Every structure is written in structure tokens, then in C-alpha cells.
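Enquirer: got a structure for you, letters missing:
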């Protein structure tokens with residue numbers, strides 16, 4: 001039998017053909033433009049099932065069950081190479097059962113022939129795709145709450161490349177705005193020192209301390225103003241905020257005394273630190289050379305640390321796009337000028353606003369963008385009263401730039417940014433770029449929660465991605481040492497590094513992006529159930545079986561694979577290409593992680609229940625070895641797609 005890149009699709013096609021021909025014979029007066037087949041809830045109902053009789057019963061006065069029986073009588077399975085039998089069941093369903101000897105041969109030989117490419121079905125319409133992801137502000141280290149973004153973005157890029165698209169990964173460096181001005185202000189006050197330790201961690205300390213001291217100074221001024229106005233309610237509110245920041249200051253001074261004390265001395269020399277920060281921010285956006293030199297230096301130090309962190313996780317970028325480059329050229333001002341010529345821009349209190357709701361109504365875009373008709377879209381501020389632009393304004397220009405280079409742009413951005421992402425699309429439509437807007441996808445994801453820990457970047461309360469990877473590697477080392485004491489120290493460290501980092505990445509990708517991730521070590525480092533270590537261990541087990549067999553697979557008899565555990569594995573392996581296509585077409589990296597876990601489960605059940613190497617006769621042993629090899633291939637391919645290395649030994 002000829003190998004197939006998609007065995008289950010072959011089975012599906014044969015079932016559709018058999019059913020179509022039978023329907024034409026029994027009901028020549030009806031046309032059936034498309035026939036869909038579903039997966040039954042259990043293998044006892046076959047591999048595929050049709051509910052066509054329930055629809056037919058509504059058109060003609062006959063019970064679905066009798067219709068199913070008539071149709072099944074007209075199905076000739078001898079015309080099929082993969083279907084063994086067809087049955088009418090369940091009050092009107094038509095169930096198709098595979099010829100498992102042939103289906104097993106097709107599936108296992110296909111997996112072993114195509115190997116690294118098995119399941120990775122190429123699209124008929126390849127595109128140029130830009131996946132913009134991570135884009136963490138360069139003011140502190142990437143923390144675990146932000147780490148879901150690069151892990152998801154990298155998985156999407158890998159999946160789309162495997163699907164046959166030309167994919168470019170972009171990092172948008174958000175270097176314009178108050179946050180970078182704060183860190184640059186503090187860095188200059190310290191005398192622009194060389195980083196102590198990892199650069200992004202060093203920059204993060206300066207940002208947090210500077211922000212804390214300037215917040216305290218701002219609140220002290222506001223408290224005095226409230227006292228003068230004798231506004232007791234406002235005074236109480238401000239005093240609570242000031243007390244909170246004072247407690248943060250005590251905490252930061254304890255942890256970073258040298259930096260804190262020096263910054264405090266230097267910042268107190270300025271009458272109004274907040275005004276200095278605003279001045280620096282305006283100067284940078286305007287392209288002032290001194291401001292450019294200072295803020296760029298700080299951002300580049302932080303990005304150097306980011307690159308080290310992401311490199312550890314196997315995540316890299318094709319392009320680093322600076323937000324300031326847009327601000328310093330005419331691109332942002334050009335977008336603003338063009339929007340001002342449309343009927344969708346107005347001034348309110350000296351602020352330039354974009355009427356997103358009016359665009360959506362005038363161009364009938366609510367349905368296209370899956371919005372309820374009664375949803376009122378808030379306006380978007382384009383330019384502040386002081387003349388500075390907002391992040392989203394600059395992002396409109398950036399989106400145009402990306403969409404001029406690619407057929408499809410995917411922005412991996414938290415779901416809390418859903419409104420700005422929608423407003424960007426509507427601004428593109430207002431400028432006449434309706435097709436661009438339709439080719440711009442917001443891949444939204446939910447938060448990462450650490451039970452019992454509340455993160456705040458501004459207060460310096462966060463757990464870095466580096467710290468999480470370090471701890472995961474150490475926990476993996478303890479587990480690997482316990483399970484494989486015979487390995488050398490070098491092997492244990494190498495394996496632990498890959499297991500630990502894989503465990504963190506899997507925990508961030510395996511949950512549906514719409515749902516929050518609850519990050520607990522009990523779930524992340526677990527060799528017994530749903531986790532990367534568990535799947536990696538299952539892959540290593542398959543590799544171990546094949547090594548121990550010490551024989552070529554020359555004469556397997558696939559008809560001997562009759563146990564339900566074997567059939568379930570074969571069905572999963574056959575369906576792998578369809579899972580991959582679904583993940584690529586609908587941007588669902590989590591279903592690949594879920595599939596790999598279920599496959600690992602089924603493989604371990606098979607291994608624990610049935611002999612492989614010692615199975616008799618030898619043809620059965622070889623068939624089970626071929627099955628084990630195919631599982632190894634699919635586990636490796638699925639892990640690779642989500643950026644996790646499949647290990648041969650653990």
C-alpha cells in the first residue's frame with residue numbers, strides 16, 4: 001500500500017465516496033453537496049460516523065433508522081481498500097469500521113517513511129506571515145507572567161513554518177513612553193554604570209527604585225496640595241497610596257541598599273523629578289540626540305538580557321523593530337495627518353480622538369470583526385494635549401509597515417489589549433486598508449497566575465522567567481538523578497536543562513490561550529502525568545525499547561495488532577496530520593500539547609499491558625516495534641512544534 005501523508009484523510013475519503021454512491025442509488029432525486037463524517041464517541045461505533053439520515057428524515061416521512069438500514073444495504077465495501085464494514089446503528093447513524101490490518105499498515109509505514117515530516121501536511125496556499133510576539137517593555141526582566149507570550153508566539157511560528165508558510169518573527173521594542181524615560185532618568189542619575197550581573201535584571205532594579213522614589217515625591221506634593229484645599233477625602237486616598245509606596249521603599253532599600261541610597265540622594269536634588277521624566281520622554285520622541293543616546297543605551301542593555309533569556313528557551317527573532325524609528329520618521333505623523341482628513345477624527349479638550357464606532361457603523365464592519373451590533377466601541381486617543389503620541393497610534397503605523405511586507409500578520413498580545421487591537425483594525429479601515437485589517441490577527445491569551453503571589457512590575461514584585469527556568473532545571477535534576485543514578489553528572493545536567501525548560505514551556509502552552517494558566521510546580525515537573533517531562537519520558541521509553549530490540553523491522557504482520565490498546569494508538573497516529581492541520585489553520589498550539597499528552601498516555605498503557613520485544617510470534621514483535629517507532633516519531637514531531645526537545649534518554 002502506498003504511504004500517505006494523511007492516513008486518516010484517506011480513510012475519510014473512502015467512507016465519503018462509499019456513502020455518496022449509496023445515497024445516489026437510494027435517493028437519486030436528492031442532491032448531497034457535501035457530506036461530513038464525525039468521530040464516534042467510542043471505537044465500538046467505528047472510526048467514522050454519519051448522521052445524514054437525521055437530516056434526510058426531516059425531508060421525507062421516514063424514520064432515520066430505516067433510512068440508515070436502506071443506505072447501508074447499498075454500500076459495497078469491496079470497492080474500498082480501508083473500510084472493513086459499515087453498520088446502521090443508534091437509531092439512524094451510519095458507522096464505518098476500518099480494516100485494521102490495512103489501516104495499520106498504511107499508518108505505521110507512512111509514519112516511518114516520512115519520519116520528520118510525518119503529519120506536517122503542507123498548505124496549498126503558502127503565505128508570507130509575520131508573527132510579532134513577546135515585545136516586553138525593555139525596563140525590567142521578562143517575568144513568568146509575561147513568559148506565556150514568547151512561548152505561544154514561538155509555537156505558532158514553528159507550526160506555521162511546518163505548514164509550509166514563510167514565517168518571520170518580529171519583536172517590537174516599545175522604547176517610547178514614560179517607562180523608558182523613568183529608567184533612563186534613574187540610569188543617568190547613577191552615572192550610567194556598567195551592569196552588575198545580568199543586564200536586564202540590573203536595569204529592572206534601577207527602574208523599580210527610580211519609579212518608587214519618584215512616585216513618593218509626586219504623592220508627597222499631592223498630599224500637601226490636598227491639605228491646602230482641606231479635601232479630607234482626597235487626602236485620605238493619597239495618604240493610603242503614599243503609605244503603600246513607603247512600604248515598597250523600605251522593601252527595596254533592604255534588597256538594593258547601594259542603588260536605592262544613591263538614587264534617593266540624586267533624585268532629591270531635582271525639585272520636580274516627574275517633570276524631568278516628562279521632558280526626557282518628549283525629547284526622545286522628538287529625536288533629540290542626547291535623549292536618543294541615553295534611552296537607546298538603556299534599552300539595548302535590557303534587550304541584551306532578554307536575548308540571553310530567550311536563547312535559553314530556544315526562542316529567537318528575525319527582526320527587532322524599534323518603536324522610536326516610527327516616531328522619528330514621518331510615518332506616525334503621516335498616519336495622523338491622513339486620519340485627520342477623514343470624518344472620523346475630532347478634538348476634545350486639546351486631545352485628538354479617533355471615532356472607532358463611527359468607522360464600524362459607516363463601513364458595516366461589526367459583523368466582519370465579530371462584534372455585537374449594540375456594542376459601542378470607545379474612541380481612541382491619537383495625540384495627547386502635550387503633543388506626544390500614544391502606543392496605539394504608533395502601532396497603526398507599525399501595522400501598515402508589517403502588512404506591506406506580509407500576507408498575514410499575527411500579533412501575540414494579551415487579551416487585555418483586545419480593544420486597542422480592534423481600534424487599530426478600524427483605523428486601518430478608515431485609511432482605506434480594509435484588506436490589511438482583515439489580514440491582521442490578534443492572537444489573544446490570558447494571564448499566568450501563581451497561587452499566593454501577586455506580581456507588580458512597578459513595585460519590583462515579580463518572579464523572572466530566568467528564576468523559573470533555574471528552579472525547573474534544579475527540580476528536574478533531582479528527579480533525573482533519582483530515576484537514572486547510572487548517568488554521568490554531565491548527562492544528568494544536560495538532560496535536566498532540557499527537561500526543566502521544556503516543562504516550563506509546556507505548562508505555558510498546553511492550556512487553551514483563552515484560559516488563565518495556574519502555574520504550580522506539582523503540575524509543571526511531573527513525570528507521571530500531563531507535563532513535558534512525562535511526554536519526554538514516554539519518548540525516551542520508546543527509544544529505549546527500540547535500542548534494546550537490536551533488530552531490524554523486516555517482516556511485521558500488522559494484522560496481528562488486534563488489541564484495543566494497539567488500535568487506539570494506530571487511530572491516534574493516523575489522526576495526527578488532521579490535528580496538526582487544525583492547529584495550524586485555527587492557531588491552536590495547545591491542541592498539539594494535548595494530543596502529545598494523550599498519545600503518551602495511550603503508549604504507556606500499551607507498554608505496561610503488552611510485551612513488545614518478547615512478543616510471539618516474531619511477526620507480532622516486529623509489528624509492535626513498528627508501532628513503537630511510529631509513536632516515537634509522532635511524539636518527537638509534536639514536541640518539536642511547541643519548541644520542546646524530545647530526549648532519547650532520561
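Expert: Sure, I can see it. Source: prediction; values computed, not measured.
Enquirer: Which strands or helices does the helix or strand of the chain with the lowest mean pLDDT pack on?
Expert: Of all helical and strand segments in the chain, the minimum by mean pLDDT, DSSP states H and E falls on helix 521-524, at a mean of 80. Under the contact definition 3 or more CB pairs under 8 Å, 6 or more residues apart in numbering; DSSP states H and E, helix 521-524 sits against helix 465-483, helix 489-509. Heads up, the C-betas are built off the backbone N, CA and C, glycines and all.
Enquirer: buried ones in that helix?
Expert: Neighbour-count burial for helix 521-524, counted by 16 or more other CB atoms under 10 Å, picks out 523, 524.
Enquirer: and the next element down the chain from that helix?
Expert: Downstream of helix 521-524, the first helix or strand assigned by DSSP states H and E is helix 532-549.
Enquirer: Just give me how far that following helix sits from the chain centre.
Expert: 26 Å (CA atoms, centre = their mean, to the nearest Å).
Enquirer: what helices or strands is the helix or strand following that helix leaning on?
Expert: For helix 532-549, the following helix or strand on the C-terminal side (DSSP H and E) is helix 564-585. Under the contact definition 3+ CB pairs under 8 Å, 6+ apart, helix 564-585 sits against helix 7-26, helix 100-114, helix 148-162, helix 589-609, helix 618-641.
Enquirer: Compile the ones you listed into JSON lines and extend it with columns for mean neighbour count, mean pLDDT and distance to residue 295.
Expert: Formatted as JSON lines, these follow (neighbours: other CB atoms under 10 Å; pLDDT from 0 to 100; distance: least, CB to CB, whole Å):
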{"stretch": "helix 7-26", "mean neighbour count": "19", "mean pLDDT": "95", "distance to residue 295": "54"}
{"stretch": "helix 100-114", "mean neighbour count": "22", "mean pLDDT": "97", "distance to residue 295": "50"}
{"stretch": "helix 148-162", "mean neighbour count": "24", "mean pLDDT": "98", "distance to residue 295": "23"}
{"stretch": "helix 589-609", "mean neighbour count": "20", "mean pLDDT": "98", "distance to residue 295": "35"}
{"stretch": "helix 618-641", "mean neighbour count": "23", "mean pLDDT": "98", "distance to residue 295": "38"}
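Enquirer: just to revisit the earlier point, which of the helices and strands packed on helix 521-524 sits most buried?
Expert: helix 489-509 (a mean of 22; mean count of other CB atoms under 10 Å).
Enquirer: what's the next helix or strand after that helix packed up against?
Expert: As assigned by DSSP H and E, the chain's next helix or strand after helix 489-509 is strand 517-518. With contacts taken as 3+ CB pairs under 8 Å, 6+ apart, strand 517-518 sits against strand 448-449.
Enquirer: in its sheet, what does the strand it packs on sit against?
Expert: If you go by DSSP bridges, strand 448-449 pairs up with strand 517-518 (parallel).
Enquirer: In the lengthiest helix in the chain, which residues are buried?
Expert: As assigned by DSSP state H, the longest helix anywhere in the chain is helix 199-229. For helix 199-229, the neighbour count (16+ other CB under 10 Å) marks 199-219, 222-223, 226 as buried.
Enquirer: From what I see, residue 633 and residue 118 are in contact.
Expert: Yes - using CB atoms under 8 Å, residue 633 is in contact with residue 118, at 5.7 Å.
Enquirer: Quick check: neighbours shared by those two?
Expert: residue 111 (CB atoms under 8 Å, 6 or more residues apart in numbering).
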